[in-house]
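Chemist: Below is the sequence, then the predicted model.
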Amino acid sequence: MIIDKDIFTELVLFEISGRIRESEKAELHQIIAEDQEAYDLYRELYLQYAADVQEKINEKLPAAELWKTIHDRRTKRQLKRMLAGTFICSIIALIFPVSTSHHKAVLIGDPHGENYVQLKTASGKVVNLNTSQGQLKIDNFVFKNINNTFSYSSNNTKVQFISISTPAGQNFSLLLQDGTSIQLNSLTTIQFPSSFTGAGREVFIQGEAYFKVAKNEQHPFLVHLPTSTIQVLGTEFNVNTYEEENSSVSLVAGAVKVTVDEQSTVLQPGFQTRFNHAKIIATAPFVGDDVLSWRQGTYLFNAATLQEIATLIHRVYGITVKVEYGTQPPKVFTGSMDRSKPVENFLAGLRFAKYMDYSFDKDSILTITQYK
């Protein structure tokens with residue numbers, strides 16, 4: 001195509017929504033006339049969205065409703081790859097600004113913080129797993145770190161706890177001694193024993209991770225979260241404790257029992273339970289693409305504030321972000337972020353939609369400012 005697909009798609013959706021400028025419309029139709037690929041994409045987008053988007057706009061429904069319409073259509077037509085990027089959040093932010101309370105400038109992330117995957121042994125030794133590749137011998141352990149996947153073995157009969165922490169902007173995978181595989185999202189810490197010798201298999205985690213637990217009915221698997229415990233036999237599930245007052249467990253296969261204080265619930269596949277430090281809030285079906293998309297590098301958000309978007313930028317790209325709100329009430333919006341694309345692509349989409357402006361200083365700190 002003679003124009004970037006994301007920018008072209010934004011123009012088409014702006015036209016569908018009736019928010020396109022005359023100069024942009026002229027540019028769009030000139031591209032369509034000159035580029036067959038652009039014309040085909042133009043027709044496809046109109047077929048997918050014109051009726052539904054216009055209907056939702058006419059009804060003046062909130063951003064979340066429009067997002068649901070677009071998301072459902074995308075899922076049915078398998079357009080996820082084509083839609084990944086900035087344009088969904090841009091169009092919704094433009095059409096459906098929602099006011100919330102004012103906030104002062106906020107700095108998210110530490111520009112001087114650690115930026116590597118960290119292994120810490122029981123003896124206190126710290127290893128940079130970004131630079132330490134292959135086979136490592138430490139404290140009677142043999143660690144293998146190959147292609148961002150960690151495994152280990154030991155002849156030591158004494159059980160010791162090991163921890164792995166991921167920084168902002170990086171994911172990591174590990175294989176426990178019992179065959180359980182775990183994929184860690186960024187800003188996540190897991191503690192696990194060097195061997196499972198007792199009646200149960202127990203690990204501790206804070207952040208987000210996807211578990212594929214090796215089945216062993218004689219030795220139940222326990223995942224301790226900051227505010228709850230998950231008991232499983234053999235299953236696949238996602239845990240998210242980034243927000244302790246709104247944590248979640250999403251079950252893909254098998255069965256798990258989630259316990260918060262003295263309250264428990266048993267999940268079936270396809271269901272998610274949300275909870276805080278004191279109680280289980282709700283249990284309901286979940287959409288796998290929404291909850292698990294981070295494993296493929298796509299991050300979805302719904303009715304997010306500018307500070308929440310800044311937090312996500314920090315977590316996905318490892319960038320320190322400063323948020324400045326200006327004098328206008330903050331807005332919330334819905335969309336997606338694709339880790340495989342530069343953060344500038346995402347930011348450019350928000351700037352194009354007149355939602356916010358951004359800049360990087362000499363220390364690579366990103367400042368995002370909401371438009372007045």
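Modeler: Looks like it came in fine. Please read these numbers as outputs of a predicted model, since none were measured by experiment.

Chemist: name the helices or strands packed onto the host helix or strand of G335?
Modeler: Take DSSP states H and E as the rule and G335 turns out to sit in strand 332-338. Counting contacts by 3 or more C-beta pairs under 8 Å, 6 or more residues apart in numbering; DSSP states H and E, strand 332-338 is packed against helix 63-77, helix 87-95, strand 298-305, helix 306-317, helix 343-352. Bear in mind the C-beta positions are built from the backbone N, C-alpha and C, glycine included.

Chemist: Packing partners of the helix or strand just after the second one?
Modeler: By that I understand helix 87-95. Downstream of helix 87-95, the first helix or strand assigned by DSSP H and E is strand 106-108. Applying 3+ C-beta pairs under 8 Å, 6+ apart, we find strand 106-108 packed against helix 306-317, strand 321-324.

Chemist: Swap in 10 Å and give it another go.
Modeler: With contacts taken as 3 or more C-beta pairs under 10 Å, 6 or more residues apart in numbering; DSSP states H and E, strand 106-108 sits against helix 306-317, strand 321-324, strand 366-370.

Chemist: taking the ones you listed together, which one is wrapped up most tightly?
Modeler: Mean neighbours per residue, mean count of other C-beta atoms under 10 Å, is largest over these for helix 306-317, with a mean of 22.

Chemist: quick revisit: can you flag the weakest of the helices and strands packed on strand 332-338 by average pLDDT?
Modeler: Across the helices and strands packed on strand 332-338, helix 87-95 has the smallest mean pLDDT, namely a mean of 41.

Chemist: now do the same end-to-end measure for stretch 148-158.
Modeler: 27 Å (C-alpha to C-alpha, to the nearest Å).

Chemist: should've said stretch 334-352
Modeler: End to end - C-alpha to C-alpha - stretch 334-352 spans 16 Å.

Chemist: That one: how far from the chain's middle?
Modeler: 13 Å (C-alpha atoms, centre = their mean, to the nearest Å).

Chemist: Check stretch 309-320 too.
Modeler: Put simply, stretch 309-320 sits 10 Å off its chain's centre (C-alpha atoms, centre = their mean).

Chemist: Tell me how far the closest residue in space to I7 that isn't next to it in sequence lies from T367.
Modeler: Of all residues not flanking I7 in the chain, F352 sits nearest, at 7.4 Å (C-beta to C-beta, 6 or more residues apart in numbering). For F352, the distance to T367 equals 18 Å [C-beta to C-beta, to the nearest Å].

Chemist: likewise L267?
Modeler: 42 Å.

Chemist: And for L175, the neighbour number?
Modeler: For L175, the count of nearby residues is 16 (other C-beta atoms under 10 Å).

Chemist: OK, contacts around it?
Modeler: By C-beta atoms under 10 Å, 6 or more residues apart in numbering, L175 lies in contact with 144, 149-152, 181-182, 212, 214.

Chemist: Could you identify which of the residues you listed has the most neighbours?
Modeler: With neighbours taken as other C-beta under 10 Å, the top of the contacts of L175 is I182, carrying 23 neighbours.

Chemist: what's the burial count for the nearest residue to T305 once chain neighbours are set aside?
Modeler: Once flanking residues are discounted, T305 sits nearest to V332: 5.3 Å by C-beta to C-beta, 6+ apart. Counted by other C-beta under 10 Å, the residues lying close to V332 total 22.

Chemist: where's the nearest residue in space to D261 that is not next to it in sequence relative to E262, distance?
Modeler: The shortest distance from D261 to any residue other than its chain neighbours is 6.2 Å, reached at A278 (C-beta to C-beta, 6+ apart). Distance, A278 to E262, by C-beta to C-beta: 10 Å.
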